[in-house]
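In: Sequence first, predicted coordinates after that:
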Amino acid sequence: MDVLAIAFGVAGGLALFLYGLHLLSEGLKKVVGEKIKQLLAKMTNNPVKGCFFGALTAATLQSSGLTMVILIGLINAGVLTLSQGIGVMLGSEIGTTITAQIVASNVGTIFYPIIAIGFLLSILPKNKKYRNIGQVVLSVGLVYLGMNIMSSSIRPLQDEPALKAFLYNLGQFPISGVLGGVIVTGIFNSSTALMALVISLGINNMITLEASIAILLGANIGSCVTGIMASFGSSLSSKRLSLTQLVINIIGVSLFFPFITNFAGLIAVTSSDLPRQIANAHTVFNITVTIIMLPLVSLLVILVKRLMPGEEIVIKRGTEFIDEKLLAAPSIALSQAEKEIRRTGDLTYEMLDKAISAIQDNKKEAIAKVKELEGIVDEVYHATDKFLEDSRFTNLSENELKKLAYLKHSVTDIERVGDHANYLAELAEKKIKKSLSFSEDAKKELDTMRIKTMMIYKKALVALEGENEEVVKSVQELKDEIDRLHRVFEANHVRRLEYKKCDPLVGIIFVDILRNLERIANHSTNIANATLLGF
């Protein structure tokens with residue numbers, strides 16, 4: 001027996017299987033999932049609807065882990081609440097069982113013509129839609145080919161007494177199967193890969209149904225690693241969602257574990273084919289756990305909030321003060337638009353504060369908050385910019401026309417400040433990832449720039465409240481000082497580089513921070529000047 005050939009065959013087959021799944025996910029997203037995030041956000045009014053769409057999303061993406069990553073992104077952005085996310089997550093556990101059902105089907109060698117047809121469809125048509133469909137067909141064929149290579153490579157091991165005894169014992173001592181499933185899935189960050197291997201063993205009748213169920217139970221717990229990793233540096237609600245997934249799977253496994261033998265007997269009735277039984281066990285487990293947990297979503301929210309206490313500031317998404325109906329009274333509409341822009345200014349001021357805090361103190365939570373706020377600011381900016389179109393405002397006084405002009409001008413500058421704050425957060429993220437630190441001199445210089453930049457932006461937002469020549473003058477004076485400090489600190493930085501007192505990599509980040517702060521001062525000056533000049 002050539003052990004090396006078997007190892008290469010299993011590794012190659014598994015790699016081809018996972019690559020096929022990746023292509024399938026990408027192809028399905030192109031065909032039916034271009035607006036998956038938007039639909040996900042719209043179809044989660046209640047847990048049942050969220051569960052249904054979670055199943056559909058996971059089936060489309062071919063990954064509950066990827067669905068969790070998207071959910072965490074939507075929760076970070078404030079689009080979904082924790083309870084909505086839990087409903088979608090429960091559905092995603094069902095959606096991923098489709099993969100097992102696909103690979104458990106015995107299609108013989110028909111996957112070869114499937115690959116050929118899919119390949120031709122993916123390259124020949126001029127229509128992009130047909131090429132995407134071709135990619136889906138091709139990827140299905142590759143999934144089956146990968147499974148065929150794995151099962152064929154494993155076949156010579158059928159007569160190995162030690163392996164047979166080991167796999168048999170997994171059924172007799174299921175706790176070892178569960179632990180093995182947790183560890184392997186956690187290490188490889190893919191329950192799908194482990195499931196494919198188990199089904200390959202089932203194709204060759206090398207594993208019992210009880211052992212397969214034990215491993216798959218463990219894989220469900222191990223699959224939580226993706227969500228946990230994705231929640232690092234995210235909002236509190238995102239962390240709670242990943243914790244909820246872990247709690248749900250632990251509860252589910254605890255409910256099924258004492259009855260593995262009985263469960264195996266029930267599943268054996270569903271099919272005479274072992275690979276299909278394994279796939280059915282996976283599906284029945286996830287559906288049952290979802291049915292049990294779905295009515296308990298509110299209790300799960302209470303539980304995880306106790307396990308992970310803390311308060312999270314909930315920021316209203318979208319616009320808060322403007323509405324299309326207000327345009328019937330242009331003066332009132334303009335006044336409400338001014339409130340909306342001031343609110344946007346406050347949000348971007350918080351972004352700036354959090355971004356600088358992340359740079360100075362390596363706070364990952366601050367980076368997550370900046371990213372969350374950035375999405376909200378962009379959304380409000382586009383809505384407000386459209387709302388303030390000149391043609392929509394009639395019968396305004398001269399002062400109101402002037403206000404309309406400077407509000408239109410200022411909302412763009414405010415949004416740009418948000419962009420710079422977001423970029424500062426990205427620089428903080430880079431600094432943290434590379435474990436970089438500033439010299440003491442650089443820290444003092446950045447703190448000086450921070451104080452001046454926060455001050456000038458705050459004054460610019462005060463200027464928005466109305467014509468105030470004194471405030472505008474102080475903004476202009478601060479701008480001159482910030483420009484001078486920028487030049488001095490850059491020159492100091494060059495000297496530190498010359499004397500090798502500074503790491504060149506952290507030096508690049510330092511210069512980028514200075515430039516972004518200086519540009520925020522520019523936008524602050526634009527905002528203040530606009531209130532006097534009207535443009």
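Out: Alright, I've got the coordinates.

In: since we're on residue 205, how many residues are nearby?
Out: 10 (other CB atoms under 10 Å). C-beta coordinates here come from the backbone N, C-alpha and C atoms, glycine included.

In: Oh, that last question was meant for residue 55, not what I typed.
Out: 25.

In: now it: how far from residue 505?
Out: Residue 55 is 45 Å from residue 505, where distance means CB to CB, to the nearest Å.

In: And residue 386, by the same measure?
Out: 42 Å.

In: same check, this time on residue 212
Out: Counting by CB to CB, the gap from residue 212 to residue 505 is 50 Å.

In: More neighbours: these two, which one.
Out: residue 212 (29 against 12).

In: Low-confidence ranges, the stretch 351-500 of the chain, go.
Out: Within the stretch 351-500 of the chain, the stretches with pLDDT under 70 are 390-391, 395, 467.

In: try it again with 80
Out: Across the stretch 351-500 of the chain, the ranges flagged by pLDDT under 80 are 390-400, 465-468, 497-500.

In: could you show me where the helices are in it, in order?
Out: 364-387, 398-433, 440-463, 469-498 (DSSP state H, counting those that start in this stretch).

In: Buried residues, the last one. List them.
Out: When burial is assessed from 16 or more other CB atoms under 10 Å, helix 469-498 yields the following buried residues: 471-472, 474-475, 478-479, 482, 485-486, 489, 493, 496.

In: got it, and the second one?
Out: For helix 398-433, burial by neighbour count (16+ other CB under 10 Å) applies to 402-411, 413-425, 427-429, 431-432.

In: counting contacts, what elements does the helix or strand hosting residue 139 pack onto?
Out: Assigned by DSSP states H and E, residue 139 belongs to helix 128-154. Applying 3 or more CB pairs under 8 Å, 6 or more residues apart in numbering; DSSP states H and E, one finds that helix 128-154 makes contact with helix 3-32, helix 97-103, helix 111-123, helix 191-203.

In: what's the distance between that helix and the middle of its chain?
Out: 27 Å (CA atoms, centre = their mean, to the nearest Å).

In: what's the angle from that helix to helix 111-123?
Out: Inter-element angle recorded for helix 128-154 and helix 111-123: 150 degrees (by axes from the mean of the first three to the mean of the last three CA atoms, to 10 degrees).

In: Return the mean pLDDT over helix 128-154, rounded to an integer.
Out: Taken as a whole, helix 128-154 carries a mean pLDDT of 79.

In: any idea of the angle that helix forms with helix 191-203?
Out: Put simply, helix 128-154 runs at 50 degrees to helix 191-203, going by the same axes, to 10 degrees.

In: Would you mind giving the orientation angle of helix 128-154 with respect to helix 3-32?
Out: 160 degrees.

In: Helix 128-154: which residues count as buried?
Out: 131-154.

In: what's the domain layout of this protein?
Out: 3-307, 324-533 (automatic domain parsing).

In: any idea how far the longest one is from the chain center?
Out: Distance, stretch centre to chain centre, for domain 3-307: 18 Å (CA atoms, centre = their mean).

In: Show me what the helix or strand that contains residue 180 is packed against.
Out: Taking DSSP H and E as the criterion, residue 180 maps to helix 174-188. Counting by 3+ CB pairs under 8 Å, 6+ apart, the packing neighbours recorded for helix 174-188 are helix 161-172, helix 191-203, helix 209-222.

In: now it against helix 209-222, angle please.
Out: Using the same axes, to 10 degrees: helix 174-188 against helix 209-222 is 40 degrees.

In: can you dump the C-alpha coordinates of helix 174-188 into PDB?
Out: Extracted C-alpha coordinates of helix 174-188, given in PDB (Å, rounded to 0.1, in the frame of the first residue of the first chain):
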ATOM      1  CA  PRO A 174     -18.900   9.100  20.600                       C
ATOM      2  CA  ILE A 175     -17.300  11.700  22.900                       C
ATOM      3  CA  SER A 176     -14.000  11.100  21.100                       C
ATOM      4  CA  GLY A 177     -15.800  11.600  17.700                       C
ATOM      5  CA  VAL A 178     -17.400  14.900  18.900                       C
ATOM      6  CA  LEU A 179     -14.000  16.200  20.200                       C
ATOM      7  CA  GLY A 180     -12.300  15.200  17.000                       C
ATOM      8  CA  GLY A 181     -15.000  17.000  15.000                       C
ATOM      9  CA  VAL A 182     -14.500  20.200  17.100                       C
ATOM     10  CA  ILE A 183     -10.700  20.100  16.800                       C
ATOM     11  CA  VAL A 184     -10.400  19.300  13.100                       C
ATOM     12  CA  THR A 185     -13.100  21.800  12.100                       C
ATOM     13  CA  GLY A 186     -11.600  24.500  14.400                       C
ATOM     14  CA  ILE A 187      -8.100  24.000  12.900                       C
ATOM     15  CA  PHE A 188      -9.200  24.000   9.300                       C
END
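
In: quick one: buried residues of it?
Out: Judged by neighbour count (16+ other CB under 10 Å), helix 174-188 contains these buried residues: 174, 176-178, 180-182, 184-186.

In: Now tabulate the residues you listed in TSV and tack on pLDDT and distance to residue 463.
Out: Formatted as TSV, the buried residues of helix 174-188 follow (pLDDT from 0 to 100; distance: CB to CB, whole Å):
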residue	pLDDT	distance to residue 463
174	77	69
176	80	69
177	80	68
178	84	64
180	81	65
181	80	61
182	83	58
184	76	61
185	77	56
186	73	54
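
In: Dump these into a markdown table; add distance to residue 501 as well.
Out: Below are the buried residues of helix 174-188 laid out as a markdown table (distance: CB to CB, whole Å):
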| residue | distance to residue 501 |
| --- | --- |
| 174 | 61 |
| 176 | 56 |
| 177 | 57 |
| 178 | 55 |
| 180 | 52 |
| 181 | 52 |
| 182 | 49 |
| 184 | 48 |
| 185 | 47 |
| 186 | 43 |
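
In: between those residues, which is closest to residue 249?
Out: Minimum distance to residue 249 across those is 9.8 Å, recorded for residue 182 (CB to CB).

In: list the contacts for that closest one?
Out: Residues in contact with residue 182 (CB atoms under 8 Å, 6 or more residues apart in numbering) are 218-219, 221-222.

In: what do you get for residue 123?
Out: Here residue 123 is in contact with 131, 134 (CB under 8 Å, 6+ apart).

In: In a markdown table, list the helices of the stretch 351-500 of the chain along with distance to residue 303.
Out: What follows is the helices of the stretch 351-500 of the chain, written out as a markdown table (distance: least, CB to CB, whole Å):
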| stretch | distance to residue 303 |
| --- | --- |
| helix 364-387 | 22 |
| helix 398-433 | 31 |
| helix 440-463 | 40 |
| helix 469-498 | 50 |
